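Trainee: Provided below are the primary sequence and the corresponding predicted coordinates.
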Amino acid sequence: MDKKNIFLFLIILSISCLAGPLMLSASDEVSHGGDIIYDKPVKAVLFSHKVHAEDLGMGCDSCHDGIFQMASLTVQKEADFTMEGLSKGKYCGACHDGSMAFDSDSQCARCHIGVKGYDRAQGIKSGE
Amino acid sequence: MKINTENLKEDMNTVSKIERREFLKIGFLITGVFAGGTVLSLASNIRGAFASTGEFTEKYPYKPHYSMLIRQNLCVDCERCIEACTKTNEVPSYGYRTIILEKVVPDAIGQKREFIPVLCNQCNNPPCVRVCPTRASYKDKNNGIVMIERKKCIGCKACVLACPYNARYFNEEVHAIDKCDFCFDTRLSKGEKLTGCAAACPTGARKFGDISDPNDFVYQMIHQIEKQVWVMRPEAGTKPNVFYMKA
Amino acid sequence: MADESTSSKKSTIVGELARSINPTLMSDLYSNVIEFLSGTRSFYVLLVLGLLTVFGASVAGLDAIRMGYRHAYGVTREISWGLIISTYIFFVVTSTGLCIVSSIGHVFGVKNFMPIVNRAVFLSVVTIFAGFTVIFFDIENPFRMAIYNAISPNMTSNLWWMGTLYGAYMVFMAIEYVLLLLNNHKFATYAGLAGLISGIVAHSNLGAIFGMLHSRDYWYGPYMPIYFIASAVMSGCAAVLFFTWVGYKVNNEKMDKPMERALEAVSKLTILMISVLLFFTAWKVITGLVGAPGKQAAIMATLAGPYAVNFWVFEVMLGMVIPFVLILYTRFKNINVSFIASAMMVLGIFFMRYDLVIVGQIVPAYHELGINDVPALLPYMPSLHEIIITIGGLGIVASAFLIGERVFRGHKDSGVH
């Protein structure tokens, strides 16, 4: 028996055992930031990475290069994270202006999921 | 910002072409169920609310004739109205005077969700008042608000059954039926101009006013021929004073 | 007593009443009490059981008042009338039915029906009393009711008419019964007529409480008041068959010929009324299936939904079809079979009332908007308190019936004169 080969084999095995899940989870995180639910000033607005990044195929840098931080709910601390701010072209309003994406002054209940949507999301989270 | 807008726009165009085709399909398949629904159909416009067409422009029986206009598409279910109502009128946790219904249409194009605030319609022809054996529920002669004289309420709950809008509940704390009175006791009678919910609404989805006054916002919104205005459950013949439209 | 009618022309009501209270009445009552005390053991066992349920129900009712009905009962904001209201309706329908059936003999003078009159009138008072007792535990402020019903009446409210007229009805029927005991048949007939009229008007108003709720598709329409009267007669027939048979068993007596003939006549009326009710039910279902969506949903709940067992097994089979077949098969002659049929009917009718009250409320108010999170049909489950109070109501009727059989000696003193 070639001890070297066995040793190599064991190393490869253990690396793949450790790295496999690591890579998987890493790729999960890196793919996008999931659903983000804003609850201030009003309950509640849902932003979906799945819709924007996966379904619509937008690159990360279309948002994460000036509009949004890669940390959830950071933007909620801004005083102009309101409908007025949005209509001035800030945050979601950068795209949701009626030409690139539906106007933030329309289809209110498309972004807004309300207290009911918020509670449902909380319920699912706490249920897990 | 480095957004490749050209790319995005192209994307959007293809999407919207599909969307348009989809919409036509849905539109043809289920006209009247999807777009209008059976209740919110074209037939149930303002004329459903009054006995005759003449009646709605002519004369309103009360002065002021309090009324609420719900601009349904502006409601985002933030529920500040419910919070305000609960606080103003000491509504217990097991009851409510107003709520927001959520309607989800999964196969709709674009927006798939709709929030519909509901409250007592302060009907001109209120079934609850008719069924009350002791006249505890009554229609105020001056302003048309459906009110409750608590000490006369025997708690038979006939009015709860009679109401087509599920607007009433038995309040254990005051040991009588409780319902929306447009905040008459808590606000209007104290000189406030708005109900608690309308004052708290951040989007203008709830507008409170006097539909007998041509200078009033609600009057002006409702009396437009090109806007579709409707009421809840017109088939019940209650002649509500809460109107719905999309802004 | 025979000479009474000849001399009554000029006499006043008071005079006549005074005369009818003859000196033997006191000794009669005395011997009645002796009779009561000499009942069999099973009689007392039954009586004690009945009184125990009444006691249990009083405890449950007081407990419910202490807790608040919202906590004690299974009713909700959406389904605010539950088992207790349906039990109330069961009792008052039975009472009105007993009154109507007894009036055939006593008010309209049909000889065949005479032997059942006394027991029927007595039981109509007992059942309406039981009805008032159970509804006492459903009205949140019953004492306010006593005051404001009188000083602040609403003439457009069916509930007001129903309550007021049933109050009068109970008094008339009680008077009728007392006059029957006193053998004063002339005034008893007047009281019976007054009771009949107030009972029927009250009862159709009870139907109209439901029939005039235009927001409730399942109930709305002229059907309800008419249906209520028809089904009252059916319930009355079932109750007469049931209680007369049990009465004879309790007293351990054999029926005489007139009584057998009376029950045969009641059996015939039962068959007639079942046929009527079968038609009512069939057309209610058939018209409902093409009606407003809310009505369709409710009808479907009874045909193939959560209320299907109640409807098919209890309402249709036990309440109507099987009794119909049984009674017809024995050609109205077999009293024992008629009794079994009537017992099934009483049970079936109880479910009819329950379904009538609950199914009318299970379709949510905004069902046409397609609101999610609201179930298509709202749930209701009676609570233990409600069930105990209901059993207590039945206990009132049972105990009063048993005591009545003893004290009034099997209600023999009927109007055959």
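Mentor: It's in.
Trainee: any weak-confidence spans in chain B?
Mentor: B:1-59 (pLDDT under 70).
Trainee: residue contacts, the closest residue to chain C within it?
Mentor: Nearest residue of chain B to chain C: B:Gly155, at 2.4 Å (C-beta to the nearest C-beta). Glycine gets a C-beta too; all of them are placed from N, C-alpha and C. B:Gly155 sits next to B:Phe170, B:His175, B:Ala176, B:Ile177, C:Ile139, C:Glu140, C:Asn141, C:Arg144 when contact means C-beta atoms under 8 Å, 6 or more residues apart in numbering or on different chains.
Trainee: and if you look at B:Gly95?
Mentor: B:Tyr169, B:Phe170, B:Asn171, B:Asp178, C:Arg77.
Trainee: repeat that with 10 Å
Mentor: B:Thr86, B:Arg168, B:Tyr169, B:Phe170, B:Asn171, B:Glu172, B:Glu173, B:Asp178, B:Lys179, C:Arg70, C:Arg77 (C-beta atoms under 10 Å, 6 or more residues apart in numbering or on different chains).
Trainee: extract the residue ranges of chain A that are flagged as low pLDDT.
Mentor: Those would be A:1-30, A:124-128, if you go by pLDDT under 70 across chain A.
Trainee: which one is the residue most central in space within chain A nearest to, not counting chain neighbours?
Mentor: With distances taken as C-alpha atoms, centre = their mean, chain A has A:Gly33 as the residue nearest its mean C-alpha position (2.7 Å). Using C-beta to C-beta, 6 or more residues apart in numbering or on different chains and skipping the chain neighbours, the partner closest in space to A:Gly33 is A:His49 (5.0 Å).
Trainee: now C:Gly294
Mentor: Per C-beta to C-beta, 6+ apart, closest to C:Gly294 is C:Asp217, 3.9 Å.
Trainee: what segments of chain B are strands?
Mentor: Taking DSSP state E as the criterion, chain B contains strands spanning B:66-71, B:99-104, B:113-118, B:137-139, B:146-148, B:169-171, B:176-178, B:206-210, B:229-230, B:242-245.
Trainee: could those go into JSON lines alongside mean neighbour count and distance to chain C?
Mentor: As requested, the strands of chain B are exported to JSON lines (neighbours: other C-beta atoms under 10 Å in any protein chain shown; distance: least, C-beta to the nearest C-beta, whole Å):
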{"stretch": "strand B:66-71", "mean neighbour count": "24", "distance to chain C": "13"}
{"stretch": "strand B:99-104", "mean neighbour count": "19", "distance to chain C": "5"}
{"stretch": "strand B:113-118", "mean neighbour count": "23", "distance to chain C": "7"}
{"stretch": "strand B:137-139", "mean neighbour count": "22", "distance to chain C": "9"}
{"stretch": "strand B:146-148", "mean neighbour count": "22", "distance to chain C": "13"}
{"stretch": "strand B:169-171", "mean neighbour count": "23", "distance to chain C": "5"}
{"stretch": "strand B:176-178", "mean neighbour count": "24", "distance to chain C": "8"}
{"stretch": "strand B:206-210", "mean neighbour count": "23", "distance to chain C": "18"}
{"stretch": "strand B:229-230", "mean neighbour count": "22", "distance to chain C": "12"}
{"stretch": "strand B:242-245", "mean neighbour count": "22", "distance to chain C": "11"}
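Trainee: and the ones you listed as TSV, adding distance to chain A?
Mentor: Below are the strands of chain B laid out as TSV (distance: least, C-beta to the nearest C-beta, whole Å):
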stretch	distance to chain A
strand B:66-71	10
strand B:99-104	5
strand B:113-118	4
strand B:137-139	30
strand B:146-148	27
strand B:169-171	20
strand B:176-178	22
strand B:206-210	14
strand B:229-230	18
strand B:242-245	15
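Trainee: and the ones you listed as JSON lines, adding distance to C:Thr94?
Mentor: Formatted as JSON lines, these follow (distance: least, C-beta to C-beta, whole Å):
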{"stretch": "strand B:66-71", "distance to C:Thr94": "47"}
{"stretch": "strand B:99-104", "distance to C:Thr94": "40"}
{"stretch": "strand B:113-118", "distance to C:Thr94": "40"}
{"stretch": "strand B:137-139", "distance to C:Thr94": "31"}
{"stretch": "strand B:146-148", "distance to C:Thr94": "34"}
{"stretch": "strand B:169-171", "distance to C:Thr94": "28"}
{"stretch": "strand B:176-178", "distance to C:Thr94": "30"}
{"stretch": "strand B:206-210", "distance to C:Thr94": "50"}
{"stretch": "strand B:229-230", "distance to C:Thr94": "46"}
{"stretch": "strand B:242-245", "distance to C:Thr94": "43"}
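Trainee: phi, psi of C:Lys333?
Mentor: The phi and psi values for C:Lys333, taken as degrees, to the nearest 10, are phi -90, psi -30.
Trainee: hang on, the earlier thing: and the furthest pair within the contacts of B:Gly95?
Mentor: B:Thr86 and C:Arg70 (17.5 Å; C-beta to C-beta).
Trainee: which residues in chain A form strands?
Mentor: Using DSSP E, strands in chain A cover A:35-38, A:45-48.
Trainee: what's the following helix or strand after the last one?
Mentor: Secondary structure here is assigned by DSSP states H and E; on that basis, the next helix or strand after strand A:45-48 toward the C-terminus is helix A:49.
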